[in-house]
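Engineer: model the following, please.
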Amino acid sequence: MNSLDQIPTSGEDIPSPEVEGARISARTGGLLLALTVAAALLAASDLAGAPAKKASSPKGADPLRSDPAEKREENARVKAMKLRRFKDSKDLEAAIRRGELVRVVDTAKYYVNPGMGFVMIKGKPALSEEDRLAMRSLLPHTKALLDRIAAAFFWKFKVRLKITGLTRSEEYVLLLRESGNENVSMTSTHRNGCTFDLGYEDMPEDQRAWLHAHLKNLEDTGVALATRENDDQLCFHVVDAHADGK
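Structural biologist: Next up, the predicted model:
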């Protein structure tokens, strides 16, 4: 049969407009249903193979706000890197001599809070100046991260960052507790040399907002874990996520 043979030869073979319209509608409806089912199956397949996404923060919530879950994540990361904790000032000094830790001194881009490491017990300084200076140290990779953050901040604002926390030994934590500071943690990642605090107490809002966003970006890209500590501490707590150099 050629194409001419398919042409209707009588009025009975020619469907009415109503019938033809119904046929077209049925075919269109079937096609749409098939496309809908296919799309649903594809979406289900994609979701099954996709990694779970973190729930977004509630509107208005600070994504860097400190909470227990964040602290657990920090300690889990440090454990995965197999970083040890430092026991006392002698341990810190020995680590500095070996190159395991590097000293943190004031530069054109940041400075260490002069009172850091100063603790009084029974009216007397509990640590010598040498012992306090030993705590002004970090693991080499963490020191490099600090330098990068400070350089970016200085390039933007021409202002130095204030460092309010560096490495802590078990000895120092126990002295803080004896002096009445019950909030200091024995499991803090400061004890591993991979953590530093950046104070924002005297920081203008534009500088604080920029630093907040910069640290959030470092966290989102897996470079660091960052939190804004509770209001009484007024600092950003930064953990080097690759302090082991890997």
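Engineer: Phe154 - how many residues pack around it?
Structural biologist: 16 (other C-beta atoms under 10 Å). Just so you know, the C-beta spots here come from the backbone N, C-alpha and C atoms, and that holds for glycine as well.
Engineer: show me where pLDDT drops low in the chain?
Structural biologist: 1-60, 231 (pLDDT under 70).
Engineer: can we see that at 50?
Structural biologist: 1-59 (pLDDT under 50).
Engineer: what comes up buried for stretch 86-106?
Structural biologist: The neighbour-count check on stretch 86-106 (16 or more other C-beta atoms under 10 Å) flags Phe86, Ser89, Asp91, Leu92, Glu93, Ala95, Ile96, Glu100, Leu101, Val102, Val104 as buried.
Engineer: which residue is nearest the middle of the protein?
Structural biologist: Closest to where the C-alpha atoms of the chain average out (C-alpha atoms, centre = their mean) is Glu219, at 2.6 Å.
Engineer: is that one in a helix, a strand, or coil?
Structural biologist: With DSSP: H, G, I helix; E, B strand; the rest coil as the basis, Glu219 sits in helix.
Engineer: isn't it right up against Leu225?
Structural biologist: Yes: using C-beta atoms under 8 Å, Glu219 is in contact with Leu225, at 6.0 Å.
Engineer: leaving out the residues flanking it, which one is nearest to the residue nearest to the centre of the chain?
Structural biologist: Among residues not flanking Glu219 along the chain, Ala226 sits closest, at 4.9 Å (C-beta to C-beta, 6 or more residues apart in numbering).
Engineer: so that neighbour sits right up against His237, yeah?
Structural biologist: Yes: using C-beta under 8 Å, Ala226 is in contact with His237, at 6.9 Å.
Engineer: thinking again about what came up before, tell me which residues touch the residue nearest to the centre of the chain, please.
Structural biologist: Contacts for Glu219 (C-beta atoms under 8 Å, 6 or more residues apart in numbering) come out as Leu64, Leu225, Ala226.
Engineer: can you report how many residues lie near the residue nearest to Glu219?
Structural biologist: Neighbours of Ala226 using other C-beta under 10 Å come to 26.
Engineer: over to Ala150?
Structural biologist: Neighbours of Ala150 (other C-beta under 10 Å): 19.
Engineer: CA-only coordinates of the helix or strand containing it in PDB, if you can.
Structural biologist: Taking DSSP states H and E as the criterion, the element that holds Ala150 is helix 140-157. The C-alpha coordinates for helix 140-157 follow below in PDB (Å, rounded to 0.1, in the frame of the first residue of the first chain):
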ATOM      1  CA  PRO A 140      53.700  24.700  61.500                       C
ATOM      2  CA  HIS A 141      50.800  24.200  59.100                       C
ATOM      3  CA  THR A 142      48.500  26.000  61.600                       C
ATOM      4  CA  LYS A 143      50.900  28.900  61.900                       C
ATOM      5  CA  ALA A 144      50.800  29.200  58.100                       C
ATOM      6  CA  LEU A 145      47.000  29.300  58.100                       C
ATOM      7  CA  LEU A 146      47.100  32.100  60.700                       C
ATOM      8  CA  ASP A 147      49.500  34.000  58.500                       C
ATOM      9  CA  ARG A 148      47.200  33.700  55.500                       C
ATOM     10  CA  ILE A 149      44.100  34.900  57.400                       C
ATOM     11  CA  ALA A 150      46.000  37.800  58.900                       C
ATOM     12  CA  ALA A 151      47.500  38.800  55.500                       C
ATOM     13  CA  ALA A 152      44.000  38.800  53.900                       C
ATOM     14  CA  PHE A 153      42.600  40.900  56.700                       C
ATOM     15  CA  PHE A 154      45.500  43.300  56.700                       C
ATOM     16  CA  TRP A 155      45.200  43.700  52.900                       C
ATOM     17  CA  LYS A 156      41.500  44.600  53.300                       C
ATOM     18  CA  PHE A 157      41.700  46.900  56.300                       C
END
